[in-house]
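In: have a look at this prediction, sequence included:
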Amino acid sequence: MKTPFVTSSQLDQITATYPTPFHLYDEKSIREKARAVNQAFSWNPGFKEYFAVKATPTPAILKILQEENCGVDCASEIELLMSHKLGFEKQDIMFSSNDTPAQEFQYARKLDATINLDAYEHVDFLKNVTTIPEIISCRYNPGGVFALGTDIMDNPEESKFGMTKDQLIQAFKDLKSLGVKKFGIHSFLASNTLTNDYYPVLAKELFELAVEVVQATDVDLDFINLSGGIGVNYKPDEVENDIAKIGDGVRQAYEAVLTPNGLGQVKIFTELGRFMLAPHGHLITKVIHKKQTYRDYVGVDASAVNLLRPAMYGSYHHISIAGKETAPQTHTYDVVGSLCENNDKFAKQRQLPEVHVGDTLVIHDTGAHGFSMGYQYNAKLRSAEILLQEDGTTRQIRRAETAEDYFATLYGFDFD
Ligand SMILES: Cc1ncc(COP(=O)(O)O)c(C=O)c1O
């Protein structure tokens, strides 16, 4: 069973203060998660989690993670700029982008963020558009399929990201001759994995690669970045990943492969987004209509612009009705938003307790890749974000967009 991190009476108070829809985040569990991740990898003195900003690009959230000793992984110039404004120092910023525009590399160099090169061809591109840093990372793509036992997890062969082993070795040689002093290896082979084995298996593959690459190039390998990909239990019957077990699995691979090969100083980095934040955010929305045709519909005041994952990937997000968390699930509904798109459905044929207009719905696990994937179709505006603080009080950490925000880029263009 999934229960919201707020009680229905707390929600009554919060929705009396802030109009729905909004994303609500739980500071306490965010801090606990960051501490659990840091603890799980404390066996590695150089360990750092670089939170994937794309998951939740909200300054108040990034500051909480900063206080918990996390860095940031940025994918664009604006994410870099936001991180810089928040006081993340150069060693706290990873720049893992792809198909990267010249000005983004230039800005990353200005901040002296650690660049993670996605393509062998980017070695030349980087050299031509900016200066070569002292430390750099390259993203590896082994091709084929990535499997855990008999389970195929993903298909790197079809992925646009990363470079082949031969390219990575050549990139290290080229970069070394261009003056790079320290190197990192990065790879992201499967998304939203619900197994404690993903990181350990990935780590072993990267550690073996590291040994081979160092032998071939004689570079000073500074870090290995396991990137993101640890998933969360979106469905109530799924089992949560255990970060302590995951960290220990990586340690065992490290001690089996890196340490005996003289690489016992290599730092482990992660770029988790979903695992850090998804369970610690809810989308709070109210029921504004009910409709009966061939199905029973519940119409809410949020729509896919506030949470795209169900419309885009058919993703499951659990739904609780405030005050009816343990009520019997006697009805079958499609829970829908107001967009002129039939995929604007938070749930299809979902068993729920009877729903009434005015009920408050909690859509679970929206803290990562939730608000941030939002858009403005049908001229719908982005919602506010609210933080439930450790002392139980709430604070608005982003206001909702207004018509003036929407019009801001239009004034002067046949529009006054
Ligand atoms: C380069 C990179 N790092 C980290 C992440 C975060 O992944 P996750 O949210 O699955 O942990 C992503 C997600 O798209 C990514 O592209």
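Out: That came through fine.

In: can you list the residues of the stretch 151-300 of the chain near the ligand?
Out: With C-beta under 6 Å from any ligand atom as the criterion, the stretch 151-300 of the chain comes near the ligand at residues 188, 191, 227-229, 271-275. For glycine as for every other residue, the C-beta is placed from the backbone atoms N, C-alpha and C.

In: mark which of those are part of helices, please.
Out: 274-275 (DSSP state H).

In: would a markdown table of the residues of the stretch 151-300 of the chain next to the ligand with neighbour count and pLDDT be doable?
Out: As requested, these are exported to a markdown table (neighbours: other C-beta atoms under 10 Å; pLDDT from 0 to 100):
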| residue | neighbour count | pLDDT |
| --- | --- | --- |
| Phe188 | 22 | 97 |
| Ser191 | 14 | 94 |
| Ser227 | 26 | 98 |
| Gly228 | 26 | 98 |
| Gly229 | 24 | 97 |
| Glu271 | 28 | 98 |
| Leu272 | 25 | 98 |
| Gly273 | 24 | 98 |
| Arg274 | 24 | 98 |
| Phe275 | 26 | 98 |
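
In: closest to Ile288 out of the residues of the stretch 151-300 of the chain next to the ligand?
Out: Arg274 (29.6 Å; C-beta to C-beta).

In: quick revisit: among the residues of the stretch 151-300 of the chain next to the ligand, give me the pair with the biggest separation.
Out: Phe188 and Phe275 (13.0 Å).

In: any residues in contact with both of the two?
Out: Shared contacts of Phe188 and Phe275, defined by C-beta atoms under 8 Å, 6 or more residues apart in numbering, comprise Gly228.

In: hmm, back to that, any chance of the residues of the stretch 151-300 of the chain next to the ligand in CSV, plus distance to Met163?
Out: Below are these laid out as CSV (distance: C-beta to C-beta, whole Å):
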residue, distance to Met163
Phe188, 13
Ser191, 19
Ser227, 14
Gly228, 18
Gly229, 18
Glu271, 18
Leu272, 23
Gly273, 22
Arg274, 25
Phe275, 26
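
In: where is the longest strand in this structure?
Out: strand 281-292 (DSSP state E).

In: which residues touch that one?
Out: 4-6, 11, 14-15, 20-26, 56, 296-302, 306-307, 317, 355-368, 370-371.

In: now that strand - C-alpha only, PDB.
Out: The C-alpha coordinates for strand 281-292 follow below in PDB (Å, rounded to 0.1, in the frame of the first residue of the first chain):
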ATOM      1  CA  GLY A 281       6.900  14.800  -4.400                       C
ATOM      2  CA  HIS A 282       3.100  14.600  -4.900                       C
ATOM      3  CA  LEU A 283       1.000  16.400  -7.500                       C
ATOM      4  CA  ILE A 284      -2.000  17.700  -5.500                       C
ATOM      5  CA  THR A 285      -5.200  18.200  -7.600                       C
ATOM      6  CA  LYS A 286      -8.900  18.600  -7.000                       C
ATOM      7  CA  VAL A 287     -11.800  16.900  -8.700                       C
ATOM      8  CA  ILE A 288     -13.800  19.500 -10.600                       C
ATOM      9  CA  HIS A 289     -16.100  17.300 -12.700                       C
ATOM     10  CA  LYS A 290     -17.500  13.800 -13.000                       C
ATOM     11  CA  LYS A 291     -18.700  12.500 -16.400                       C
ATOM     12  CA  GLN A 292     -20.300   9.200 -17.500                       C
END
